[in-house]
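Asks: show me the folded form of this:
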Amino acid sequence: MKPLCLVLLLLIVCVPGWPQQAEIDELHKQLKTETIDTSRIHLLGDLARILIQHADSIEAKKLLEEGLELSKKQNYAYGFGHIYNGFGNYYAEISQNDLAEKYYQLAYDNFKKSTKDHAMLGAASALGNLGILAQAKGDIEKSIRLHLQGLDIWQASTVPERYTAVGNIYSNVASMYSKQGQFEKAVYYDKKGIEIRNKFGKRDSDMSVAYLFLADDFNKNKQQDSAKKYLAIAQTLVDELKTPALYMRFHAVSARIDFDAKTFDKSLEHSKQMLNFAKDVQNMTTEMNAHLLLAKNYQALNQPQKAISHLNEVIRISYTNRNINQRKNAMLELSNVYRQLNNPAQAYQYLTQYNTLKDSLNEEEGKLKLNEIDSKYQAAQKEKQILVLEQEKQRQNTLIYSLIAGLTAISLIGVLLYRNINIRKEIAEKEVKQLQQERQLIATNSILKGQEEERSRVARDLHDGLGGLLSGIKLTLNTMRGNIILPESGALAFGRALTQLDNAISEMRRVAHSMMPEALVKFGLTEALQDFCDGINESRQLKVSLQTFGLETPIESSTEVVLYRIVQELLNNIIKHAHATEAYVQITRDHNHLSLTVEDDGKGFDMTQLNQKKGAGMNNIETRVAYLNGKMDIQSQPNEGTSVHIEVEV
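Replies: Down below sits the predicted model:
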């Protein structure tokens, strides 16, 4: 009989093969440094699976418990599937099949919930494991159905591991045919499993077990030469991998082949090795099989007394493992042993116990069949009820959907009407707002135009009126200076008066020029700005650099005046507030688009406080930018200077 531990060969996704100690060490190393919970869950599950294969179930369980806690903490569906599958492997390896089935089902449910890559392959692995447990319980129909569900998932995938998984499924199907005594079909599926694994080309535990099963099925089919041939191939792989679980399986198959070949001494040695390795990996099912084989070999070697202790051990373990079938086999062998010892009373006693257990099992099988028939009948009745309910539900749904459709249509019409009213209201509000903005813009334009006209008038009056008067006074005084003789003190006072008169004339011209630069009227924006910047540079209050591009084509005079005032205000602000040493002015024109940038290396300011500390100068600038329908962007940080960028259409 093939051992149930084949469950462990349906591995979690993307971790094929049987690792060596180096892989265990590497996973331990990664666990010590990994801090991300989801990654730790994957590492814990992988390491636990490997340790189970190496018969270190105690550490494996601790790792799985840690992985379960992390999965709960993260509510990580894929992590639950990964860890629960590991728990299934753990309990299957120690022959606690009910718990194994519970955890494989949990693994499948959580893999189905997960949206992570390869989650479906994890679900396929869990299905395969559930199929093996169903096979162990004798439910072949369920086992085949589960295996085929898993096979569909694996064959639809593109991962390299699909060869291993599909190969395992073929091996499990072969195992079912073997249990049914259809050994030729078992050999056929064993070979298909090996063939698909060879496509992957990896010499691992799956491959070695596949060859062991093929050798076992050839032996059961009375083809001893083929059995020994494939057993030798399997031995090469087992010796390469050197794992207790593989050695256990190898000695189990070797013991059966030698027993059937009547080489009982060899079979006895293999059975002893099989028992030792079964104890190492805590596989009670294989342990009982080893004791039975030892008992049969001792009987064949005419040493019945030695057989009794092994058969009693089978009975003891069967109570722990709740395996009535193995206990029944042990009772039959004990009956044969006592008959061999010429003890008919004991032989009859054990034969009676054997028949009692056999009847009990038959009765249980009968109950199971009756329950199965009843379950099918109940299921059929429920299907009829469900069909009637579904039809009624369909009618109710049709009515509900019609009502919903009507209500939806009415609601939609109401929503459309409401939106239409709101849209009209928004359009009216926008029109009112636009009219207000236009009215405000007209008022602003009038104010600015009036200001500039007043500036021009005052500048002309100063230059032509007061300037001419002062110049005449200076000319008269200079004439008088040559015609009168003054004492030394009077001459000095007269000279100081002329100097002060010169300063007054210069200041008057500066004010007139500031109010309406002569260069702006005569030569345009570039010359006016250059004069203004040169004047600042001569004062040594600030070093200003000016660059202009594309201003060869004249701009409307009103626009030039506004741009000049903006630059004038910005540079005055820099002088007053920025404590800067250098400033940079750049004006660029590209067709109808004009860009103005003014930057300084001053102390800057916090942009969050701009609106709170905005002065009259900045308000004037914003008003003039709005007059030009332009956009202004200010960028500044403390101790990193300020940059003002303005864009207008001209």
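Asks: buried ones in whichever helix or strand residue 635 is part of?
Replies: Following DSSP states H and E, one finds residue 635 within strand 631-636. Residues of strand 631-636 classed as buried by neighbour count (16 or more other C-beta atoms under 10 Å): 632, 636. (C-beta placed from N, C-alpha, C; glycine too.)
Asks: residues making contact with it?
Replies: With contact meaning C-beta atoms under 8 Å, 6 or more residues apart in numbering, strand 631-636 is reached by 604-607, 610, 621-622, 625, 642-648.
Asks: what about those, which are in helices?
Replies: Cross-referencing the contacts of strand 631-636 against helices under DSSP state H gives 621-622, 625.
Asks: coming back round to it: and the strand holding residue 635, how far from the chain's centre?
Replies: Centroid separation between strand 631-636 and its chain, computed with C-alpha atoms, centre = their mean, to the nearest Å, is 40 Å.
Asks: name every strand pairing with it and say which way it goes.
Replies: Strands flanking strand 631-636 in the sheet, each with its direction: strand 642-649 (antiparallel) (DSSP bridges).
Asks: so for the partner strand, mean pLDDT?
Replies: Strand 642-649 shows a mean pLDDT of 92 in the predicted model.
Asks: I'd like to know which of the contacts of strand 631-636 are buried.
Replies: Buried subset of the contacts of strand 631-636 (neighbour count, 16+ other C-beta under 10 Å): 604-605, 621, 625, 642, 644, 646-648.
Asks: among those, which one sits closest to residue 301?
Replies: For residue 301, the closest of these turns out to be residue 604, at 102.0 Å, with distances computed as C-beta to C-beta.
Asks: my read: the closest one touches residue 644, true?
Replies: No: applying C-beta atoms under 8 Å as the test, residue 604 and residue 644 come out as separate, 11.9 Å apart.
Asks: average pLDDT for the strand holding residue 635?
Replies: Model confidence over strand 631-636 averages 91 on the pLDDT scale.
Asks: can I get the ones in helices among the contacts of strand 631-636 in JSON lines with distance to residue 312 and pLDDT?
Replies: Supplementary listing: the ones in helices among the contacts of strand 631-636 in JSON lines, determined by distance: C-beta to C-beta, whole Å; pLDDT from 0 to 100:
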{"residue": "621", "distance to residue 312": "106", "pLDDT": "84"}
{"residue": "622", "distance to residue 312": "104", "pLDDT": "85"}
{"residue": "625", "distance to residue 312": "105", "pLDDT": "88"}
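Asks: switch the residues you listed over to JSON lines; also include distance to residue 221.
Replies: Supplementary listing: the ones in helices among the contacts of strand 631-636 in JSON lines, determined by distance: C-beta to C-beta, whole Å:
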{"residue": "621", "distance to residue 221": "101"}
{"residue": "622", "distance to residue 221": "99"}
{"residue": "625", "distance to residue 221": "98"}
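Asks: and residue 83, how far is that from residue 27?
Replies: With the distance defined as C-beta to C-beta, to the nearest Å, residue 83 ends up 15 Å from residue 27.
Asks: with residue 286 instead?
Replies: Summarising the geometry, the distance separating residue 286 from residue 27, computed by C-beta to C-beta, is 27 Å.
Asks: which of the two has more residues huddled nearby?
Replies: Applying other C-beta atoms under 10 Å to residue 286 and residue 27 shows that residue 286 carries more neighbours, namely 25 against 19.
Asks: just confirm that one is within a helix.
Replies: Yes: under DSSP: H, G, I helix; E, B strand; the rest coil, residue 286 falls within a helix.
Asks: which non-adjacent residue is nearest the one residue sitting closest to the centre of the chain?
Replies: The geometric centre of the chain, computed from its C-alpha atoms, lies nearest to residue 116 (C-alpha atoms, centre = their mean), at 8.4 Å. Spatial nearest neighbour of residue 116, excluding adjacent residues (C-beta to C-beta, 6 or more residues apart in numbering): residue 78 at 4.3 Å.
Asks: how many residues are close by the nearest residue to residue 555 once chain neighbours are set aside?
Replies: Using C-beta to C-beta, 6+ apart and skipping residues adjacent in sequence, the residue nearest residue 555 is residue 650, 5.4 Å away. When neighbours are defined as other C-beta under 10 Å, residue 650 has 16 of them.
Asks: same check, this time on residue 356
Replies: The burial count assigned to residue 356 is 12, neighbours taken as other C-beta under 10 Å.
Asks: for it, give its distance to residue 308.
Replies: Counting by C-beta to C-beta, the gap from residue 356 to residue 308 is 20 Å.
Asks: before we move on, what about residue 586?
Replies: 108 Å.
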